[in-house]
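In: What shape does this take:
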Amino acid sequence: MPKKAEDRPAVFITGSSGFLGQAIAKGLRERYQVIGLDVRKPEHPIDGMETVEIDLTSDESVDAAVKEAASRAGERIASVIHLAAYYDTTGEDNPKYEAVTVQGTRRLLKALKAVGAEQLVFSSTLLVHAPSPDKGVRIDEDSPLDPSWAYPKSKADTEELISSERGDLRTVVLRLAGVYDEDCRAAFIAQQISRIFERLPTAYLFAGDLTSGQPYLHKDDLVDAIVRIVDRRAELPEETVLLLGEEETPSYEGMQKRIGRLVHDEEWRTLSLPKGLTKAGAWLQTEVLDQETDIKPWMIENSDDHYEIDVSRARSLIGWEPRHSLTGTLPEMIRRLKLDPTDWYEKNKLHPSAVAASEPELDQARKRLIQPLERSPEDVDKAVRRHRFWTLWAPMANAALGLWLVTSPMTLGLFDPVSATMPPALGHEIAEPQVRNIRLGISEILTGPLIAILSLTGMARGRQWVQWITAAVGLWVMFAPLVFWTTSAAAYGIDTLVGMLVVAFAVMIPPTPGISHRALAADDDRPLGWSYSPSSFTQRIPIVALAFLGLFVSRYLAAYQMGQIDGLWDPFFDPGEAAVTNGTEAVVTSWVSKGFPIADAGLGAFAYGLDILAGTIGDRRRWRTMPWMVFLFGLLIIPLGAVSVSFIIIQPPLIGALCTLCIIQAAVTVILIPYSVDEVLATVQYLWRAKRAGEPFWRTFWMGGPALSENQTPKPDLDRSPGEFLKDFLLGGVTFPWTLVASTLLGILLMATPLIFATQPPLYFSDHIVGCLVIMVAVTAMAEVVRPARFLNVALGAWIAASPFLLDGGSGIAAVADIVIGLALIGLSLPRGAPSEEHYGGWDRAIV
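Out: Reported below is the predicted structural model:
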């Protein structure tokens, strides 16, 4: 019968909440009272272990924690397993090594001697030893010490401190090989497996001797050794050093081949690179491109190190030898990886998002999708009917708007005689002003009843598809004033508003027709591997707000083009050779604008209206419930941005003037791009993954598809604190590295070279064109998912630096300025900038 806890001697474990601490506690708790010492108590404590909080960097905390633990132990402390230490993979020295590992152990030693502990077991590392001098030569506890980087140096220093300050305390120093279990848990092996699993380029490369390797140690074998050490504490020498590990040392090449066969069933080939080349690549990644990499300089330097060990002393003193092997455990490791990659990655402190859409995860999704979904079609129908019941006012409101349209021509005087000059942006023959207004009036009289009839018809069950026809008629109402070149500013403004409201009341407020039951069966709103929903309203509000600004500017320009107002505001630019008062009027009445059959600014206003409507429709799941709408949204924003920038580009060389309001309009459209591109990417990912999971592509594209994730709980959206809301409002999928901000400012500077450096054509035209492109690239790259787009500015920077030598029009100072700007742009376009905390599934690794 096991003894009660208070009748058993105690074992303290520092770092008890970690992977090893928990395992060792489980191995000891049957025969000992186990008390944990850790910086914080575990979230999920194991049975039979209580934890006392301790801070190894504080004398007071260590003394108090040890005294409290000793009082709980009844002053009978058999052993202290000291696992707590500082560790990082940078290879660089860190003050925490001295503060936590070395001085923390000194504090612990002092406190343990004061309470009469019998034994201290210190967890050191095999890496305090110099590597084996040759293949086939085993090292033992008496082999030379030569720690080569910060972590093993801190362990060697601590070993020396323990030896000099232990007093009467019995000590055991364990020089451990890397510890693993069936879930891996060994950082370097986990990274090696993940590189091959993801087929990363670095999975095929190695810096150093491919035949070198290191031994490892199974977690259960370590626990067995520690139990034996504690049980035999009185029999061991007062100072004991033991090497613990497997006597099998698999080579790096052998591990690569075995992992490749287990993961991909193929012979994995690995290329050995010169260390100099590898160091240069690592430096380029970390220092120039500002990227994180799991290949550190110290790893490259020590890549030839080879260890083979002799564990004879452990056999002799504690009767221990390893019962597991790394190569024998690898099949189980890989089986668990394939069974649930995201869970495996999480256990190994890797990024689960990288494999959230891997083939095993999609296999799981495929199996789930052939089962009944979260909500049945009947449940979905009930929810849709309930939604329709509470929004029946929307089609009735549309019917009222339709009836109002019938009377609006008389109210607005569209049939009254009118005298007006020809629109200044007109480039072709049109009817007289009164005829144009009458045509618009007839259109409204015919359109109004049609909207009323369609709205009421769409209320009937089974005829919801009619709502889309109603929405299409609403778009015609928005567009008609442009087609007929109306002279009535009131009719143009009211038709724009009424048309947008008709669309909103038809397909945005009631349940949007055409979405499948499968798409609505779950609330999951985040794509596989993403940390947020790219379709949340917080994400879309900035887009809609900017689109409203673009709409107002375009409507103002269109009113002038159609002859509804007499002039435009422009505080900066003169008209050049045009017979108007400023640059804005010159541009919007140029031969380019007159080449359109309708007012081109009005066409822009219509596009902004579509942006507003497309940006508002659908809920935070629309990246999977309405893929076609997200694609339409992207097509509206990205090409519109390119067209707006192109229009700015051609103004000086082809029109001979610049337009302040057009620049504002272009800035708005360019800013829209980074805020919208992540949703488009998420939709593309979803369609591809859904097809791989067995969903029909075109049905999914037009009607949406089911959630591929499992039991996902949607995060709050609008119902959050103002601070959180504002953060997502500004930074949702977008970050502002200073390098890209500076690149944008350089683009603005290039556009201003005539004012600052007195450049003349053709150099001025080059600076203007390239400046516009630089701004567009830099702003677009602020969307983290398209951060690699910044490399386009490297080529543009090279052209800017070379242009003074190839084009005339610049003085000496202008030439120097272009060279400096070009070289600065190249340098600024290389670093990625600090990554955000967001994840984008497997796309993370494309953000270089």
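In: in this structure, which spans are strands?
Out: Using DSSP state E, the strands of the chain run over 10-14, 33-38, 49-53, 77-82, 119-125, 170-176, 178-180, 205-207, 216-218, 239-244, 271-273.
In: so for the last one, what's the average pLDDT?
Out: The predicted model gives strand 271-273 an average pLDDT of 82.
In: Return the list of helices and strands in contact with that strand.
Out: Identification of packing neighbours for strand 271-273 by 3 or more C-beta pairs under 8 Å, 6 or more residues apart in numbering; DSSP states H and E yields strand 205-207. Yep, even glycine has a C-beta here, placed from its N, CA and C like the rest.
In: Check the second one too.
Out: Helices and strands touching strand 33-38, by 3+ C-beta pairs under 8 Å, 6+ apart, are strand 10-14, helix 19-28, strand 49-53, helix 59-73.
In: Return the list of helices and strands in contact with the longest one.
Out: Pointing back at helix 59-73 there. strand 10-14, strand 33-38, strand 49-53, helix 103-115.
In: one step back: possible to save the strands of the chain as JSON lines with distance to Phe631 and mean neighbour count?
Out: Putting the strands of the chain into JSON lines (distance: least, C-beta to C-beta, whole Å; neighbours: other C-beta atoms under 10 Å) gives the following:
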{"stretch": "strand 10-14", "distance to Phe631": "56", "mean neighbour count": "27"}
{"stretch": "strand 33-38", "distance to Phe631": "51", "mean neighbour count": "25"}
{"stretch": "strand 49-53", "distance to Phe631": "53", "mean neighbour count": "18"}
{"stretch": "strand 77-82", "distance to Phe631": "59", "mean neighbour count": "26"}
{"stretch": "strand 119-125", "distance to Phe631": "54", "mean neighbour count": "23"}
{"stretch": "strand 170-176", "distance to Phe631": "55", "mean neighbour count": "23"}
{"stretch": "strand 178-180", "distance to Phe631": "46", "mean neighbour count": "21"}
{"stretch": "strand 205-207", "distance to Phe631": "38", "mean neighbour count": "19"}
{"stretch": "strand 216-218", "distance to Phe631": "50", "mean neighbour count": "24"}
{"stretch": "strand 239-244", "distance to Phe631": "58", "mean neighbour count": "22"}
{"stretch": "strand 271-273", "distance to Phe631": "41", "mean neighbour count": "13"}
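In: Minimum distance to Pro133: which of the ones you listed has it?
Out: Among the strands of the chain, the nearest to Pro133 by C-beta to C-beta is strand 239-244 (16.0 Å).
In: Paired strands for the closest one, with orientation please.
Out: Within its sheet, strand 239-244 is paired with strand 170-176 (parallel), according to DSSP bridges.
In: any idea of the angle the strand it pairs with forms with strand 77-82?
Out: Interaxial angle, strand 170-176 versus strand 77-82 (axes from the mean of the first three to the mean of the last three C-alpha atoms, to 10 degrees): 30 degrees.
In: just the angle between strand 170-176 and helix 19-28, please?
Out: Angle of strand 170-176 versus helix 19-28, following the same axes, to 10 degrees, is 130 degrees.
In: What mean pLDDT does strand 170-176 get?
Out: Per-residue scores along strand 170-176 average to 96.
In: List the buried residues of the longest helix belonging to the chain.
Out: Selection of the longest helix in the chain by residue count, based on DSSP state H, yields helix 660-692. By neighbour count on 16 or more other C-beta atoms under 10 Å, the buried set for helix 660-692 is 660-663, 665-687, 689-691.
In: Give me the helices and strands touching it, please.
Out: helix 359-369, helix 537-561, helix 583-588, helix 600-616, helix 622-625, helix 627-650, helix 697-703, helix 763-780.
In: change it to 7 Å
Out: helix 537-561, helix 583-588, helix 622-625, helix 627-650, helix 697-703, helix 763-780 (3 or more C-beta pairs under 7 Å, 6 or more residues apart in numbering; DSSP states H and E).
In: Show me where this protein dips below the pLDDT cut-off.
Out: 1-6, 75, 275-302, 711, 717-720, 725, 729 (pLDDT under 70).
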